[in-house]
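Visitor: structure for this input, please:
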Amino acid sequence: MPDDSLPPWAAQLVEQYQSNAASQFIIYGNIHDRMLIPGGTGLTQSAKIGTITDFLIEVLLPSFDVVLSYDLGNGIRIEKGGPVFSQWPAFQEQPNLPKTPRAAVETLTHYFRYIANLARLKQQVSQVAVLIKNADLVVPQLSGGFDYDIGAMASLIRDWASDSMLTGHPLASFLLSENLNDLNPLLANNPRAGRIKVGLPGPEELGRSYQVMASRYPVALREYASALEPLARQLSGATLGATESLFKSREYTKKPLQAKDLVAIKKQIVEKDSSGLIEFIETPRTLDDLHGQDAIKQWLRQDITLWKNNDVSALPKGYLFCGPVGTGKTFMVECLAGEAGVPVVKLKNFRDKWVGSTEGNLERIFRLLQALGRCYVFVDEADQTLGKRESGNDSGVGGRVYSMIAEEMGSSTGRGRIIWILASSRPDLIEVDLKRPGRIDVKIPLFPTSSPEESFKLIRGLCKSRGLVIEESTFAQLKDRLPLLLTPGAAEAMASRVYRLARTQNLSPLVALEGYLADYRPPVSPQILADQIRLAAAEASDVAFVPEFFHPYLPGRQP
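Guide: Below you'll find the predicted structure:
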């Protein structure tokens with residue numbers, strides 16, 4: 001297979017091996033997906049869909065004389081070159097290859113040294129490769145203390161890439177682990193090993209794979225028989241294995257895929273592939289549904305226009321929405337996403353009690369984000385989610401989470417593709433480095449109402465959505481009783497209570513509202529609300545985002 005037709009990860013691996021830059025490779029990422037295995041010349045009838053093991057053996061290692069593999073379930077297996085391997089005297093004496101990890105690694109090391117000795121004596125030069133599948137289960141990161149067997153295996157495997165006797169002849173080793181953070185640090189941090197990240201397939205790779213599948217799933221792909229590229233673009237971000245399963249199911253039920261179904265299908269596939277680590281926020285809202293906030297809406301619409309025109313030089317890499325609890329930060333995200341017409345991916349609870357699992361979950365999330373194309377990434381309660389530079393008493397997990405997210409947010413390759421949105425009522429608790437320009441460029445404060453007119457309009461609109469009509473002319477008689485500093489969350493609760501009073505006591509909407517206002521108590525203490533307003537005003541990246549009523553809360557002023 002010519003190098004220019006290899007997927008990027010495979011081309012990188014070939015370059016490092018052929019240049020003698022590395023002979024051991026840690027292959028991580030989307031390694032459990034299905035992959036396109038091309039035929040002899042282009043996409044012929046011999047092309048097929050297979051596993052990464054198939055790809056390595058058939059595409060990258062066809063010239064190797066012996067290819068071995070090891071995993072915990074099957075032990076050592078001879079994938080290729082049985083007659084050559086059978087010449088090993090130790091195998092002739094004991095043909096039952098070991099399955100336990102320590103014995104298997106020692107056996108493989110013994111064989112490599114045997115081949116190296118033959119080469120030094122110029123008796124036989126054989127190209128040998130070994131694949132350690134699920135290497136994170138064989139030599140895992142330890143939760144604490146020291147395990148002698150794991151340490152010994154990690155040392156031996158590391159020697160495969162550094163021992164001059166072994167590196168002096170054609171020996172290639174491949175350690176396959178879905179998440180780099182799950183692998184023993186002695187191997188994951190080996191400077192002599194190449195790190196090869198397998199990303200999710202992009203639209204071009206999906207399109208070539210769908211061409212191979214088309215003859216097997218004619219009913220499922222009937223609507224796209226003439227052109228598979230639109231389908232590949234629509235399903236970008238999904239694994240090839242998941243889409244293959246979809247085609248099989250549709251072929252069995254005789255239900256062709258249709259364009260109108262693809263958005264919902266992609267959402268289901270990606271959420272399933274993420275194992276519940278992310279979810280898509282679907283919304284029919286736009287910025288027109290946002291009450292007031294004219295300066296903010298104008299800024300956001302300008303950004304959306306830049307994005308649609310692919311003019312990303314002035315496009316922010318991230319937003320911070322901050323303000324008191326209940327000011328509608330999530331609602332703002334939904335309106336922004338609906339206006340822009342791009343997916344909103346919400347990070348769910350990716351933290352895990354097992355050492356290394358939290359970092360592994362983040363690796364999986366980042367792979368999905370990088371394959372989705374344009375999207376917003378929403379992190380709610382960012383002050384709690386994003387971790388701290390100083391990890392405290394969590395075995396360093398918080399610090400590693402902080403470091404990984406900071407690196408991803410600051411990546412130059414993300415500008416114009418991924419826009420991060422952080423939401424918090426306590427922005428002061430978010431690490432300063434995460435809020436700096438280059439990660440979060442625009443900080444937008446959200447405030448409660450600042451006048452009786454705003455409070456009335458907000459309450460009236462929420463009551464109207466419940467079928468309660470409060471005439472605009474009643475504002476004058478309600479004005480003195482309408483609360484200031486009313487958040488949308490508090491107004492939502494108020495509208496629900498008014499609706500309940502109207503229905504259970506058979507009252508008119510106006511009378512029900514008057515009755516509720518007579519006993520109204522703010523849901524958040526005035527001091528806490530004032531503190532959160534002050535924090536939001538202090539974070540604003542543009543004074544125009546702060547209404548004049550709240551200018552006294554700006555830094556250096558007293559409300």
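
Visitor: got the end-to-end distance for stretch 29-48?
Guide: Length of stretch 29-48, first residue to last, C-alpha to C-alpha, to the nearest Å: 21 Å.

Visitor: pLDDT averaged over that stretch - what is it?
Guide: Taken as a whole, stretch 29-48 has a mean pLDDT of 76.

Visitor: which parts of it are buried?
Guide: Gly29, Asn30, Ile31, Asp33, Arg34, Met35, Leu36, Ile37, Pro38, Ala47, Lys48 (16 or more other C-beta atoms under 10 Å). (Each C-beta comes from the backbone N, C-alpha and C, glycine too.)

Visitor: check contacts around the fifth one.
Guide: I take that to be Arg34. Going by C-beta atoms under 8 Å, 6 or more residues apart in numbering, Arg34 touches Ile49, Gly50, Thr51, Ser209, Thr239, Leu240, Gly241, Glu244.

Visitor: now the residue nearest the centre of the chain: which helix or strand?
Guide: Nearest to the mean C-alpha position of the chain, by C-alpha atoms, centre = their mean, lies Ile365 at 2.2 Å. Counting by DSSP states H and E, the element that carries Ile365 is helix 357-372.

Visitor: spatially nearest residue to the residue nearest to the centre of the chain (excluding sequence neighbours)?
Guide: Counting by C-beta to C-beta, 6 or more residues apart in numbering, Ile365 lies nearest to Leu277, which is 5.3 Å off, once chain neighbours are set aside.

Visitor: that neighbour and Ala129: what is the separation?
Guide: Computed with C-beta to C-beta, to the nearest Å, the distance linking Leu277 and Ala129 is 33 Å.

Visitor: pLDDT weak spots in the chain?
Guide: 1-4, 40-45, 143-145, 352-356, 390-397, 557-559 (pLDDT under 70).

Visitor: which stretches of it form strands?
Guide: 24-29, 35-37, 48-50, 66-71, 75-80, 128-132, 171-177, 193-198, 278-281, 318-322, 344-347, 375-379, 418-424, 442-445 (DSSP state E).

Visitor: select, out of those strands, the one closest to Gly489.
Guide: Closest to Gly489 of the strands of the chain, according to C-beta to C-beta: strand 418-424, at 13.1 Å.

Visitor: my read is that Val59 contacts Pro38, right?
Guide: Yes. Assessed by C-beta atoms under 8 Å, Val59 is found in contact with Pro38 at 7.1 Å.

Visitor: hey, where'd the helices end up in the stretch 101-250 of the chain?
Guide: Assigned by DSSP state H, counting those that start in this stretch, the helices in the stretch 101-250 of the chain fall at 101-120, 135-138, 148-162, 164-167, 185-188, 203-214, 229-234, 240-253.

Visitor: need the residues that contact the third one.
Guide: Spelled out, it's helix 148-162. 22-24, 101-102, 105-106, 109, 112, 130, 132, 138-140, 142, 166-167, 171, 173, 175, 184, 186-187, 190, 192-193.

Visitor: then the last one?
Guide: Contacts made with helix 240-253 from outside it, assessed by C-beta under 8 Å, 6+ apart, are listed as 32-36, 49, 201, 205-206, 209-210, 213, 216-221, 235, 256-257, 265, 269, 272-273.

Visitor: list buried residues within the residues you listed.
Guide: The buried subset of the contacts of helix 240-253 - by 16+ other C-beta under 10 Å - is 33-36, 49, 201, 205-206, 209-210, 213, 217, 220-221, 235, 256-257, 265, 269, 273.

Visitor: hmm, back to that, closest one to Gly360 among the helices of the stretch 101-250 of the chain?
Guide: Per C-beta to C-beta, nearest to Gly360 of the helices of the stretch 101-250 of the chain: helix 135-138, 8.4 Å.

Visitor: report the buried residues of the closest one.
Guide: Of the residues in helix 135-138, Ala135, Asp136, Val138 count as buried by neighbour count, 16+ other C-beta under 10 Å.

Visitor: ok, those vs Leu535, which is closest?
Guide: Asp136 (41.7 Å).

Visitor: mind listing what the closest one touches?
Guide: Here Asp136 is in contact with Ser177, Glu178, Asn179, Asp182, Leu183 (C-beta under 8 Å, 6+ apart).

Visitor: hmm, 7 Å instead?
Guide: Asp136 sits next to Ser177, Asn179, Asp182, Leu183 when contact means C-beta atoms under 7 Å, 6 or more residues apart in numbering.

Visitor: wait, the third one sits on Val139?
Guide: No. With contact defined as C-beta atoms under 7 Å, Asp182 does not count as touching Val139 (10.0 Å).

Visitor: the more surrounded of the two?
Guide: Val139 (30 against 23; other C-beta atoms under 10 Å).

Visitor: follow-up on the earlier one: who has more neighbours out of Leu277 and Ala129?
Guide: Ranked by neighbour count (other C-beta under 10 Å), Leu277 and Ala129 place Ala129 first, with 23 against 17.

Visitor: so in terms of bridging, what pairs with the more buried one?
Guide: With DSSP bridges as the criterion, Ala129 is bridged to Val67, Ala172.

Visitor: state the distance from it to Ala188.
Guide: With C-beta to C-beta as the criterion, Ala129 and Ala188 are 20 Å apart.

Visitor: for Ala22, grab the count of nearby residues.
Guide: Other residues within reach of Ala22, judged by other C-beta under 10 Å, total 22.

Visitor: distance of it relative to Phe174?
Guide: The spacing between Ala22 and Phe174, counted by C-beta to C-beta, is 11 Å.

Visitor: hang on, the earlier thing: quick check, nearest of the contacts of Asp136 to Cys375?
Guide: Using C-beta to C-beta, Asn179 comes nearest to Cys375 of the contacts of Asp136, at 21.7 Å.

Visitor: pretty sure the closest one contacts Gly360?
Guide: Yes. Counting by C-beta under 7 Å, Asn179 touches Gly360, with 3.4 Å between them.

Visitor: hang on, the earlier thing: out of the helices of the stretch 101-250 of the chain, which is the most enclosed?
Guide: helix 135-138 (a mean of 22; mean count of other C-beta atoms under 10 Å).

Visitor: please state the offset of it from the chain centre?
Guide: 23 Å (C-alpha atoms, centre = their mean, to the nearest Å).

Visitor: got it, and stretch 236-251?
Guide: Chain-centre distance of stretch 236-251: 19 Å, with C-alpha atoms, centre = their mean.

Visitor: can I get that stretch in PDB, CA atoms only?
Guide: The C-alpha trace of stretch 236-251 is given here as PDB (Å, rounded to 0.1, in the frame of the first residue of the first chain):
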ATOM      1  CA  SER A 236     -18.300  11.900  10.800                       C
ATOM      2  CA  GLY A 237     -17.500  11.500  14.500                       C
ATOM      3  CA  ALA A 238     -19.000   8.000  14.700                       C
ATOM      4  CA  THR A 239     -16.800   4.900  14.700                       C
ATOM      5  CA  LEU A 240     -16.700   2.700  11.600                       C
ATOM      6  CA  GLY A 241     -17.800  -0.300  13.700                       C
ATOM      7  CA  ALA A 242     -20.900   1.500  14.900                       C
ATOM      8  CA  THR A 243     -22.000   2.500  11.400                       C
ATOM      9  CA  GLU A 244     -21.300  -1.000  10.100                       C
ATOM     10  CA  SER A 245     -23.700  -2.300  12.800                       C
ATOM     11  CA  LEU A 246     -26.200   0.300  11.800                       C
ATOM     12  CA  PHE A 247     -26.000  -0.800   8.200                       C
ATOM     13  CA  LYS A 248     -26.500  -4.500   9.200                       C
ATOM     14  CA  SER A 249     -29.500  -3.700  11.200                       C
ATOM     15  CA  ARG A 250     -31.100  -1.600   8.500                       C
ATOM     16  CA  GLU A 251     -30.300  -4.200   5.900                       C
END
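
Visitor: alright, calling it a day.
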